[in-house]
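Participant: Pasting the sequence and the predicted model now:
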Amino acid sequence: MKTLAETFLSSNEQQEVTRAVHAAEKMTSGEIVPMVVSESHSYPMAAVVGGVFFALPAALLSARLFGALLWIGTDNMWLFLAFFLIYYFIAHQSVQRLPKLKRYFFSSDRANAAVQEAAAAAFFMESLHNTKAANGILLYISVFEQRVWVLGDSGINEKIDQQVWQEIVDLVTKGIKDGRRCEVICEAITRIGQILQDFFPIEKDDKDELHNLIIR
């Protein structure tokens with residue numbers, strides 16, 4: 001079964017994104033790396049909270065109903081616990097396995113923090129900090145959280161304000177919501193190349209130092 005990241009872009013779309021990176025890097029010595037991940041965190045507490053959210057009222061109602069039918073009392077604690085454990089297990093597994101349901105059980109701030117932390121970790125894991133001119137830049141897309149983050153190396157951050165990259169984040173986020181995944185990613189890559197070109201023009205001995213697309 002394919003992951004969220006693997007289904008986010010088709011094989012042909014992945015090739016289009018790779019071509020966009022090649023084209024953009026012909027304008028600049030900067031290294032542009034788009035990365036698509038299924039999720040930035042597993043959010044184990046989301047399944048716990050979701051499990052309790054669904055199981056508690058269901059168990060209370062079931063205990064009262066079946067307690068009356070079985071003549072063992074509507075407030076029987078053992079009957080309630082039995083139903084709670086059954087419903088909790090079902091709800092926990094459902095929340096854990098269904099992304100659309102799971103999103104309801106963690107905050108937007110938690111998702112933002114997880115994506116930024118994961119993007120920073122990926123930046124170093126994929127060696128974007130090891131380019132010759134410290135001009136690697138990561139376009140990080142986390143499918144489950146529906147979040148985008150742009151992270152540049154020190155050479156880029158010294159010359160370009162972070163607000164410039166926020167505009168790229170907004171562009172890609174809106175494009176994905178509008179169903180223009182591949183198109184908007186290619187647009188963002190082209191725009192990043194144009195921005196970097198002014199500060200890091202292409203060099204004669206320029207080499208492609210990093211991956212042109214990462215799906216994880």
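Facilitator: Arrived safely, thanks for sending.
Participant: And the residue nearest the centre of the chain, how far from residue 99?
Facilitator: Compute the mean C-alpha point of the chain, and by Cα atoms, centre = their mean the closest residue is residue 142, 1.6 Å away. According to Cβ to Cβ, to the nearest Å, residue 142 and residue 99 sit 12 Å apart. For glycine as for every other residue, the C-beta is placed from the backbone atoms N, C-alpha and C.
Participant: Could you do residue 170 as well?
Facilitator: Using Cβ to Cβ, we find residue 170 at a distance of 23 Å from residue 99.
Participant: Compare these two (neighbour count), which wins?
Facilitator: residue 99 (15 against 11; other Cβ atoms under 10 Å).
Participant: list the contacts for that one?
Facilitator: 4, 144 (Cβ atoms under 8 Å, 6 or more residues apart in numbering).
Participant: can we see that at 10 Å?
Facilitator: 4, 38, 39, 143, 144, 145, 146 (Cβ atoms under 10 Å, 6 or more residues apart in numbering).
Participant: Check residue 211 too.
Facilitator: With contacts defined as Cβ under 10 Å, 6+ apart, residue 211 is in contact with 18, 21, 31, 33, 34, 35, 126, 127, 128.
Participant: what pLDDT does it get?
Facilitator: At residue 211, the pLDDT value in this model is 80.
Participant: In the record's domain split, what are the boundaries for the protein?
Facilitator: Listed domain ranges for the chain are 4-41+107-215, 44-105 (source: automatic domain parsing).
Participant: all strands of this protein, in order?
Facilitator: Under the criterion DSSP state E, the chain contains strands at 31-37, 136-142, 147-152, 214-215.
Participant: show me what contacts the residue lying closest to residue 174 once chain neighbours are set aside?
Facilitator: Counting by Cβ to Cβ, 6 or more residues apart in numbering, residue 174 lies nearest to residue 184, which is 7.6 Å off, once chain neighbours are set aside. Residue 184 is in contact with 148, 171, 172, 173, 174, 175, 176, 177, 178, counting by Cβ under 10 Å, 6+ apart.
Participant: ok, now residue 143?
Facilitator: 3-9, 36-40, 99, 176, 181.
Participant: what's the answer for residue 33, then?
Facilitator: With Cβ under 10 Å, 6+ apart, residue 33 has these contacts: 21, 122-123, 126-128, 136-140, 151, 189, 209-214.
Participant: Any idea what it is bridged to?
Facilitator: residue 138 (DSSP bridges).
Participant: and it, what pLDDT?
Facilitator: So residue 33 comes in at 95 (pLDDT).
Participant: Ok, residue 72 next?
Facilitator: 73.
Participant: Residue 29 now?
Facilitator: 91.
Participant: Cheers, nothing more for now.
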